[in-house]
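> For reference, the sequence and a predicted model appear below.
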Amino acid sequence: MAVYMNAKGTTNTSFQVGKRGNKIFGGVSTPASDTVESGDIWFDNANGTLKFASVSGNTVSWANIVAQGDAINSTDLVVTGNLTVTGTQTTVNTQTLNVEDNIITLNSNFTGADNIVDGGIEIERGDETNVSFLWDESEGEWTLGAESLRAGDFIGTVHGNVVGSIAPNGSPNTLTGNVINGGAVTITGSLDVTGASITGANTDSISEGSTNLYYTDARANSAVDAYVTGGTGIVISSGTVSANGLTVNEFVTTAYDATGDTWSNDDSTFATTAAIADRIDAQITSSADIVHITGTETITGDKTISGATLTLTANSTLDVSNATVTGANTSSISEGTNLYYTNPRARQALQVSDDSGQLSYSNGTGIFSFTNNRLALSGGTMSGNIDMGNNSISNVSSLTVSSITYPIADGTANQVLTTDGNGTLSFTTVNVNPDGSNTQVQFNNAGSFGASTGFTFDDSNDTLSTGVTKSISFEHFTDYDVISNTSAIASDLGSITSNVGAKIDQGLLVVDYGYPILPSVEVAKLPSGQPTGTFVFCPNEAGGATIVFYDGTNWRRPSDNGIVS
């Protein structure tokens, strides 16, 4: 263990106890984050509180444990035993309450019989009236007061008025195995008795409506009279129809419907206009050879025109939309206004306009030619790709490519192209010579190369030279040969005002008030590979807390030289 405290000659306002385990801090200022670990304790002298540290990443949180009267304030309180609250009121300010017990007992202090106190749950609703679910001792029943109860299913006896669906033994509006004694059942909707039998009732129990009428002889006779009119030879008596001495004239006004009839040569069907029209339509429909002269015709199946010509007259249209035409192509169709493609036609459509006379075009071959294999542009713009082959671009005063302007003339040797950031390129000389004189070491000086006479390297004898060296602190001293001159080695530490960055743990004993303090290490954490003779304090050794030492292989007790256990 190492102790850091207010030593003479410093202005430090805090102290730290412990280095390798959890630490204890004291003082009025918050301990530095880089010195704090989870579980550290801080005596906050400025606020008079005791705090525990919790570290997450680079963030340190301090939780207060403050004793104020009978109250204990803490981030988390874990009770491993039973918690008994003997007060008259317990207030829990929490958003989530988890209770492991599956049955909660209310009114637990009641004993004996004849309880007159109602019990249940009341819900606070702020400005609205509170609601409750209570056991009414006087009535011996559960009550919601004037509130409504909505549930998926209800099993039990129903008293009073019921609004909504009733499902005593199954789906809504289904009564199964129930008897209604007395009273009346009123159904304002539909009564579905599909698959059921109605007993104890017949048509005498159901009044006649206005649509489905009951049968009577009078109604049947009247219906027949409506279809058979005229003719003195037709007699209807007691539902029997008799025909005596009928003539054709007695059927003239009767409509004839031949739809669905089979027309035969020996039929005795009357030749009415409707019968003849139906007969013609039936023959045309079943014929495979007849095509209507007028009107719209739909052809289904395969039709073949052999040795004939299908002619469309003027103003006629052959519509082959969504159809496939086979056995024909452009070779079968004569050329009209829309001309077919040919090479001569394509070449004839191209023309050349060139005042310089250097560009020409042959309609016969379709080839463009440049005089002297040169293309001269003056005041014009050419877009697309230009393939120069093995030729070069010459006599260009200024070439602009994608808004980049190249210089007209070459620069000098060892120059490079640089840009001004706006697309203009130019040749510039880059300074690659180091700053300073020979043997001076280069270093970053405000973003640029710098050098100093006080910082040099002599390659001939491998010597690095510096000016005055200040404030050198060695964690462990090593033999650096003989220091022949110490006049140039000076260090002024001044006054130590903060312990941050000024602490060095050399693994040695630090004396506080004249007493040595050893590091405290438990048995399971005693490290191996320590220097022989290392001493630590072991608080949980089997024989009791004691000082132990390392013999180069094992940790041992000084009292009996036994191995620590």
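Received the coordinates, thanks.
> Every contact and neighbour count from this point should use C-alpha atoms.
Will do.
> Phi first, then psi, for the nearest residue to Val441 once chain neighbours are set aside.
Leaving aside its chain neighbours, Val441 sits nearest to Thr456 (5.2 Å; criterion: CA to CA, 6 or more residues apart in numbering). Here is the backbone geometry of Thr456 (degrees, to the nearest 10): phi -130, psi 160.
> I'd say Thr456 and Gln440 touch.
Yes. Checked against CA atoms under 8 Å, the pair Thr456 and Gln440 is within contact range at 4.3 Å.
> List the contacts of Asp459.
By CA atoms under 8 Å, 6 or more residues apart in numbering, the contact set of Asp459 is Thr439.
> since we're on the residue nearest to Val441, how many residues are nearby?
Other residues near Thr456 number 19, with proximity taken as other CA atoms under 10 Å.
> Could you give the bridge partners of it?
Beta-bridge partners recorded for Thr456 (DSSP bridges): Gln440, Ser465.
> Okay, it and Thr439: tell me how far apart.
For Thr456, the distance to Thr439 equals 5 Å [CA to CA, to the nearest Å].
> Show me which helix runs longest in this structure.
Taking DSSP state H as the criterion, the chain has its longest helix at helix 273-286.
> Report the next helix or strand after it in sequence order.
Where DSSP states H and E defines the elements, the next helix or strand beyond helix 273-286 is helix 343-349.
> burial count for Pro519?
18.
> scratch that, Phe535 is what I was asking about
19.
> Please report the distance of the nearest residue in space to it that is not next to it in sequence from Gly543.
Closest residue to Phe535 apart from its sequence neighbours, by CA to CA, 6+ apart: Phe549 at 4.5 Å. Distance from Phe549 to Gly543, counting by CA to CA: 15 Å.
> Which parts of the stretch 51-200 of the chain are strands?
Per DSSP state E, counting those that start in this stretch, the stretch 51-200 of the chain carries strands over the ranges 59-68, 71-73, 119-123, 131-136, 141-143.
> follow-up on the earlier one: okay, Phe549 and Gly543: which has more neighbours?
With neighbours defined as other CA under 10 Å, Phe549 and Gly543 compare such that Phe549 has more, 22 against 9.
> which residues does the residue nearest to Phe535 bridge with?
Those that pair with Phe549 in a beta bridge, by DSSP bridges, are Phe535, Arg556.
> Pass me the low-pLDDT residue ranges in the stretch 201-350 of the chain, would you?
Regions of the stretch 201-350 of the chain meeting the criterion pLDDT under 70 cover residues 224-272, 283-295.
> Could you export stretch 119-138 as CSV, keeping only the C-alpha atoms?
Provided in CSV are the C-alpha atoms of stretch 119-138 (Å, rounded to 0.1, in the frame of the first residue of the first chain):
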residue,chain,number,x,y,z
GLY,A,119,-61.2,-4.7,1.3
GLY,A,120,-59.7,-4.4,-2.1
ILE,A,121,-57.7,-2.2,-4.5
GLU,A,122,-58.2,1.5,-5.2
ILE,A,123,-56.7,3.4,-8.1
GLU,A,124,-55.7,7.0,-7.8
ARG,A,125,-56.9,9.0,-10.9
GLY,A,126,-55.7,12.5,-10.0
ASP,A,127,-58.5,15.1,-10.7
GLU,A,128,-60.8,12.3,-11.8
THR,A,129,-62.9,10.2,-9.3
ASN,A,130,-60.9,7.2,-8.0
VAL,A,131,-62.1,3.7,-8.9
SER,A,132,-61.9,0.5,-6.8
PHE,A,133,-62.4,-3.2,-6.9
LEU,A,134,-63.7,-4.1,-3.4
TRP,A,135,-65.1,-7.1,-1.4
ASP,A,136,-68.3,-5.8,0.2
GLU,A,137,-68.5,-7.4,3.6
SER,A,138,-72.1,-6.3,4.2
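> which of the residues in that stretch are buried?
By 16 or more other CA atoms under 10 Å, the buried positions in stretch 119-138 come out as Ser132, Leu134, Trp135, Asp136.
> ok, back up a step: quick check: the residue nearest to Phe535 vs Thr311, distance?
Using CA to CA, Phe549 is found at 123 Å from Thr311.
> Okay, buried residues for stretch 426-439 please.
So for stretch 426-439, counting by 16+ other CA under 10 Å, buried means Ser426, Phe427, Thr439.
> and the closest residue to the second one other than its chain neighbours, how many neighbours does it have?
Closest residue to Phe427 in three dimensions, ignoring its sequence neighbours and counting by CA to CA, 6+ apart: Leu417, at 4.6 Å. One way to gauge burial is a neighbour count; for Leu417, by other CA under 10 Å, it gives 15.
> does Leu417 count as helix, strand or coil?
At Leu417, secondary structure determined by DSSP: H, G, I helix; E, B strand; the rest coil is strand.
> In contact with it: list those residues for me.
Contacts of Leu417 (CA under 8 Å, 6+ apart): Leu425, Ser426, Phe427, Thr428.
> with those residues in mind, which one is nearest to Tyr340?
Minimum distance to Tyr340 across the contacts of Leu417 is 53.3 Å, recorded for Leu425 (CA to CA).
> The closest one: what's it in contact with?
Per CA under 8 Å, 6+ apart, neighbours of Leu425: Ile404, Thr405, Tyr406, Pro407, Leu417, Thr418, Thr419.
> so where does the fourth one fall, helix or strand?
Counting by DSSP H and E, Pro407 is held by no secondary-structure element, helix or strand.
> Contacts only, for the residue nearest to it when sequence neighbours are not counted.
Spatial nearest neighbour of Pro407, excluding adjacent residues (CA to CA, 6+ apart): Ser426 at 5.7 Å. Counting by CA under 8 Å, 6+ apart, Ser426 touches Tyr406, Pro407, Leu417, Thr418, Thr419.
> Check the first one and give its pLDDT.
Turning to Tyr406, the model gives it a pLDDT of 80.
> partner residues bridging the residue nearest to it when sequence neighbours are not counted?
With CA to CA, 6+ apart as the criterion, Tyr406 has its nearest non-adjacent residue at 5.3 Å, and that residue is Leu425. Judged by DSSP bridges, the bridge partners of Leu425 are Thr419.
> and what of Ser369?
Ser360.
> I'd like the distance between it and Leu359.
6 Å.
> Between the two, which has more neighbouring residues?
The neighbour comparison of Ser369 against Leu359 (other CA under 10 Å) goes to Leu359, with 18 against 14.
> To which secondary structure element is Phe449 assigned?
If you go by DSSP H and E, Phe449 is part of strand 448-450.
> Direction included, what does that strand pair against?
Applying DSSP bridges, strand 448-450 is found paired with strand 443-445 (antiparallel).
> Excluding sequence neighbours, find me the nearest residue to Thr365.
Arg347 (7.7 Å).
> what residues are up against that neighbour?
Arg347 is in contact with Asn363, Gly364, Thr365, Gly366, counting by CA under 8 Å, 6+ apart.
> What about the residues you listed, which one has the most neighbours?
Asn363 (16 neighbours).
> so what's that one closest to, chain neighbours aside?
In space, Asn363 is closest to Arg347, 5.1 Å off (CA to CA, 6+ apart).
> follow-up on the earlier one: could I get the strands of the stretch 51-200 of the chain as a markdown table with mean pLDDT and distance to Ser334?
What follows is those, written out as a markdown table (pLDDT from 0 to 100; distance: least, CA to CA, whole Å):
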| stretch | mean pLDDT | distance to Ser334 |
| --- | --- | --- |
| strand 59-68 | 73 | 89 |
| strand 71-73 | 56 | 103 |
| strand 119-123 | 91 | 93 |
| strand 131-136 | 91 | 93 |
| strand 141-143 | 90 | 97 |
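> Can you add distance to Gly327 and give those strands back as a markdown table?
Listed next are the strands of the stretch 51-200 of the chain as a markdown table, based on distance: least, CA to CA, whole Å:
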| stretch | distance to Gly327 |
| --- | --- |
| strand 59-68 | 85 |
| strand 71-73 | 98 |
| strand 119-123 | 87 |
| strand 131-136 | 87 |
| strand 141-143 | 90 |
